[in-house]
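K.L.:
Got a sequence here, can you model it:
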Amino acid sequence: MKKLVLMLAAASMAASVSAQTVAESKTFDNIYVGINGGVATKTTGHKWLSDLDPNAGIRIGRYFTPVFGLAIEGNAYFSNKPWVSTGTVVRATNASLLGTVNLSNWFGGYKGEPRTFEVSALYGLGWMHVFTNNKAFEAATSENRNRMTSKAALDFAFNFGSAKQFQFYVEPSINFAFLGNSHAKNAVVSPAGVSYVDNTYGYGYKTAAQSGQPAYNINNSFVQLNAGFVYKFANSNGTHNFTIVTPRDQAEIDALNAQINDLRNRKPEVITKEVVKEVVKEVPSVKVKEFTVSDLVFVTFAQGKSNLTNDAKKALNNVQQGVHVQVVGTASPEGSKELNDRLSQARADVVANYLKGRGVIVDEATGKGVQGVTSNRLAVVYVK
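P.N.:
Numbers count the residues shown, from 1 in each chain. From the prediction side, this is the model:
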């Protein structure tokens, strides 16, 4: 037990060390849901692969990094083999909390999207309940029908779909039952002391000496082979998986900020249309003219964001009510073209909506994606 806990802790630390720099996740990002089904059989005490018990379940989880995640899983078992019938369609249920470690991303690194084939390890603890409508069985096994469980598994996964939003996996696992023995808890008191009477309704486990502790014992386990299907929900940025963020050198950031501040602080002078066309190009409805720096308002954004900061609102408050403006949103080169186009449009829209709320007439708000060397997570307001 201690070794498994230490292994899980080491895996989580390795996940944080080996993970790439990924875009910030919101609370409900990187969540998935899946269904699974297969067969299970007791590991020892009978002919191998006989007495197969079918099961079906559901799994809901969240990835916290491309390597590490958590999942809640519940499975129902529909057969009694090799035990006597409990008289119910569902013989038992098992609910588990599982830690997941993507071994492919741990050892190979995350490349910006899931690999087509991946291998993950799972380990966790759970609780199993056995159902019955047999009164004699219920009385004889009153202390044994609820038991702590532990699961260790490997997932061999195939990711598919236009955004790798679907996954099919095959999962072999071994599941241990804790705190159980082969005797019902029927005590007989005699002058020699307290003894326990064997009961024919027992579960057939061979570990009576370990009935009071969570011991991993092969005789107290069953092996299982399941297959499952997973859907990964869309994240707040529109993708279904983690996206890589390319870190920017601080010197580069300082130079770009200096460039923006220089434009803001320059005295009014003529700026040629060749400089400005990178952020307000291909707009036939606007007659190109020579204009001064006072005709431009620059709004900056955090990486991957489209919300207005207090400084941005302060700059936009300088635009007079009733004037006509055109808004152009841009993005920096990180991420895919689809993501940058959507992000630049969102930046243009949030600026336009803020200005409209102040009585400014917005003729057009356009997202231009990545636009030349002046593109650094900007929205530019052109006051006509």
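
K.L.:
Could you list the low-pLDDT ranges of the protein?
P.N.:
1-20, 46, 48-49, 80, 140-143, 179-214, 246-250, 252-253, 259-294, 372-376 (pLDDT under 70).

K.L.:
Please, where are all the helices along it?
P.N.:
Ranges of helices within the chain are 2-18, 103-108, 135-140, 250-265, 273-276, 310-316, 337-357, based on DSSP state H.

K.L.:
buried stuff in stretch 151-163?
P.N.:
For stretch 151-163, a neighbour-count test (16 or more other C-beta atoms under 10 Å) marks 151-153, 155, 157, 159 as buried. Where you see a C-beta, it was placed from the backbone N, CA and C, and this is true even at glycine.

K.L.:
if I look at the residue nearest to residue 131 when sequence neighbours are not counted, how far off is residue 175?
P.N.:
Excluding the flanking residues, the one nearest residue 131 by C-beta to C-beta, 6 or more residues apart in numbering is residue 88, at 4.5 Å. Note on residue 88: its distance to residue 175, by C-beta to C-beta, to the nearest Å, is 20 Å.

K.L.:
burial count for the residue nearest to residue 104 when sequence neighbours are not counted?
P.N.:
Take residue 104 and drop its neighbours on the chain: the residue closest to it by C-beta to C-beta, 6+ apart is residue 118, 4.2 Å away. Using other C-beta atoms under 10 Å, the number of residues around residue 118 comes to 18.

K.L.:
who's residue 118 bridged to?
P.N.:
residue 157 (DSSP bridges).

K.L.:
thinking again about what came up before, make sure the residue nearest to residue 131 is actually in contact with residue 132.
P.N.:
Yes - between residue 88 and residue 132 there is a contact at 6.2 Å, judged by C-beta atoms under 8 Å.

K.L.:
Neighbour count for these two, which is higher?
P.N.:
With neighbours defined as other C-beta under 10 Å, residue 88 and residue 132 compare such that residue 132 has more, 21 against 14.

K.L.:
mind listing what the more buried one touches?
P.N.:
Contact analysis of residue 132 by C-beta atoms under 8 Å, 6 or more residues apart in numbering lists 86-88, 138, 141, 145.

K.L.:
wait, which of these is closest to residue 233?
P.N.:
Residue 233 lies nearest to residue 88 out of the contacts of residue 132, by C-beta to C-beta, at 34.2 Å.

K.L.:
How many residues are close by residue 42?
P.N.:
Every residue meeting other C-beta under 10 Å relative to residue 42 is counted, giving 22.

K.L.:
ok, now residue 222?
P.N.:
Here the number of neighbours of residue 222 (other C-beta under 10 Å) works out to 18.

K.L.:
So it sits against residue 44, correct?
P.N.:
No - under the criterion of C-beta under 8 Å, residue 222 makes no contact with residue 44, lying 9.4 Å away.

K.L.:
What's the separation between the spatially closest residue to residue 163 that is not a sequence neighbour and residue 29?
P.N.:
Excluding its sequence neighbours, the residue lying closest to residue 163 (C-beta to C-beta, 6+ apart) is residue 240, at 4.7 Å. The gap separating residue 240 from residue 29 is 10 Å, by C-beta to C-beta.

K.L.:
Residue 150 now?
P.N.:
Distance from residue 150 to residue 29, counting by C-beta to C-beta: 29 Å.

K.L.:
these two touch, right, residue 339 and residue 235?
P.N.:
No - between residue 339 and residue 235 there is no contact, the gap being 10.8 Å when judged by C-beta under 8 Å.

K.L.:
For residue 70, list each beta-bridge partner.
P.N.:
Beta-bridge partners for residue 70, by DSSP bridges, are residue 62, residue 99.

K.L.:
need the contact list for it.
P.N.:
Residues near residue 70 by C-beta under 8 Å, 6+ apart: 61-62, 64, 97-100.

K.L.:
Is there a quick PyMOL command that grabs whichever of these are buried?
P.N.:
Buried subset of the contacts of residue 70, written as a PyMOL selection, criterion 16+ other C-beta under 10 Å:
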select buried, resi 61+62+64+98+99+100
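
K.L.:
Tell me the one among the contacts of residue 70 nearest to residue 333.
P.N.:
For these, the nearest to residue 333 is residue 64 (26.8 Å; C-beta to C-beta).

K.L.:
Any chance of the backbone angles for that closest one?
P.N.:
The phi/psi pair for residue 64 (degrees, to the nearest 10) reads phi -90, psi -30.

K.L.:
So it sits against residue 29, correct?
P.N.:
No - taking contacts as C-beta under 8 Å, residue 64 lies outside contact range of residue 29: 9.8 Å.

K.L.:
re earlier: now render the contacts of residue 132 as CSV, adding distance to residue 125.
P.N.:
Below are the contacts of residue 132 laid out as CSV (distance: C-beta to C-beta, whole Å):
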residue, distance to residue 125
86, 24
87, 29
88, 25
138, 26
141, 22
145, 18
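
K.L.:
May I ask which of these has the most neighbours?
P.N.:
Top of those by neighbour number is residue 141, holding 22 neighbours under the definition other C-beta under 10 Å.

K.L.:
Which positions within stretch 106-122 qualify as buried?
P.N.:
106, 110, 113-115, 118-122.

K.L.:
Narrow those to those in strands?
P.N.:
Among those, the members falling in strands (DSSP state E) are 118-122.

K.L.:
Tell me which two in the contacts of residue 70 are the farthest apart.
P.N.:
Within those, 64 and 97 form the most distant pair, 14.2 Å apart (C-beta to C-beta).

K.L.:
picking that back up, could you check how far the residue nearest to residue 131 is from residue 78?
P.N.:
Applying C-beta to C-beta to residue 88 and residue 78 gives a distance of 9 Å.

K.L.:
repeat for residue 332
P.N.:
As for residue 332, its distance to residue 78 is 54 Å (criterion: C-beta to C-beta).
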